[in-house]
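Participant: when you get a sec, could you give me coordinates for this:
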Amino acid sequence: MSTHRYAGYEDDYENDYQDSDDAGDVLEERPRRGAAHVVSALGGLVLTPVALGLLSWGGLRQQQLIQATLSTNRDPLGIALLAGGAILLLVVAALGALSAAGPILGGLIYGVLPGVAAMAVPEWGFKLVNLMPKSDIAYGVMDFLFIGGLLGVGFLLVGSGLAAALVRRRREA
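Facilitator: The predicted model follows:
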C-alpha cells in the first residue's frame with residue numbers, strides 16, 4: 001500500500017482528464033472566418049492607400065496655402081480631404097472587428113514598409129514615390145513619407161489590428 005496521502009484517489013483524478021479526446025469537436029464548433037478575413041484584407045488593401053492619399057493631398061494643400069500666403073486662411077477642400085482620409089483610416093481600423101488582417105496588411109504594406117525603407121535608404125523613398133503619377137497627391141505622399149507620417153500611421157494600423165486580434169483571442173478563450 002502506498003504511503004502517499006492521495007494514493008487512494010488515483011482513479012478519481014485519472015478519470016477527470018480522460019475526456020480530452022473531444023478536442024477535435026471544439027475546433028469544429030468554431031465558426032468559419034474566411035469571409036471576414038477576405039473582406040477585412042481587401043478593405044485594408046484598397047482603403048488604406050486611398051485614405052493616405054487623401055490625407056497627404058489635403059495636408060499638402062493646407063501647407064501650401066499657409067506657407068504661400070503667410071496667413072491663417074483655410075482651404076475648405078483641403079480640410080474635406082483631411083477629414084475624408086481620417087474617416088477612411090478609421091474604417092480600416094474598424095475592419096479589425098471582422099479580422100485583424102485588414103489593418104495589419106494595410107499598415108504594413110502602405111505605412112511601415114515604405115516608412116522604414118525611406119528612413120533606411122532615402123533613395124528608395126524617392127523611387128517609391130516616382131512609381132506614382134506626378135500630381136499634388138504624389139508630392140503630398142512624398143512629404144508625408146519623409147516626415148514619418150506614413151510610418152506612424154502604419155504602426156497605428158498594425159497596432160489596432162493586433163489589439164483586435166488579442167481581444168478576440170481572449171473572448172474565445
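Participant: as a check, name the ranges of all helices in the protein.
Facilitator: Applying DSSP state H to the chain gives helices spanning 10-16, 23-29, 34-69, 76-94, 101-107, 113-120, 122-130, 136-146, 149-172.
Participant: wait, what's in contact with Leu81?
Facilitator: Leu81 is in contact with Leu54, Leu55, Trp57, Gly58, Arg61, counting by C-beta atoms under 8 Å, 6 or more residues apart in numbering. Heads up, the C-betas are built off the backbone N, CA and C, glycines and all.
Participant: may I see the PyMOL selection of the buried members of those residues?
Facilitator: Buried residues within the contacts of Leu81, by 16 or more other C-beta atoms under 10 Å, are selected in PyMOL with:
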select buried, resi 54+55+57+58+61
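Participant: OK, contacts around the residue positioned nearest the centre of the chain?
Facilitator: Most central in the chain under C-alpha atoms, centre = their mean is Pro103, positioned 2.4 Å from the mean C-alpha point. Residues in contact with Pro103 (C-beta under 8 Å, 6+ apart) are Ser40, Gly44, Val92, Ala93, Leu95, Gly96, Leu157, Val158, Ser160, Gly161, Ala164.
Participant: try it again with 10 Å
Facilitator: Listed by C-beta atoms under 10 Å, 6 or more residues apart in numbering, the contact set of Pro103 reads 40-41, 43-44, 48, 89, 92-97, 154, 156-165.
Participant: and what of Val153?
Facilitator: When contacts are counted by C-beta under 10 Å, 6+ apart, Val153 is found next to 48, 51-52, 55, 85, 89, 92, 106-107, 110-112, 115, 144.
Participant: just the closest of the residues you listed to Glu123, please.
Facilitator: Nearest to Glu123 among the contacts of Val153, counting by C-beta to C-beta, is Gly115 at 14.8 Å.
Participant: what's the pLDDT at the residue nearest to the closest one when sequence neighbours are not counted?
Facilitator: Leaving out its chain neighbours, the residue that sits closest to Gly115 by C-beta to C-beta, 6 or more residues apart in numbering is Leu151, at 2.7 Å. Note for Leu151: predicted pLDDT of 94.
Participant: Leu151 touches Leu108, doesn't it?
Facilitator: No: here Leu151 does not reach Leu108: they are 11.2 Å apart, not a contact under C-beta atoms under 10 Å.
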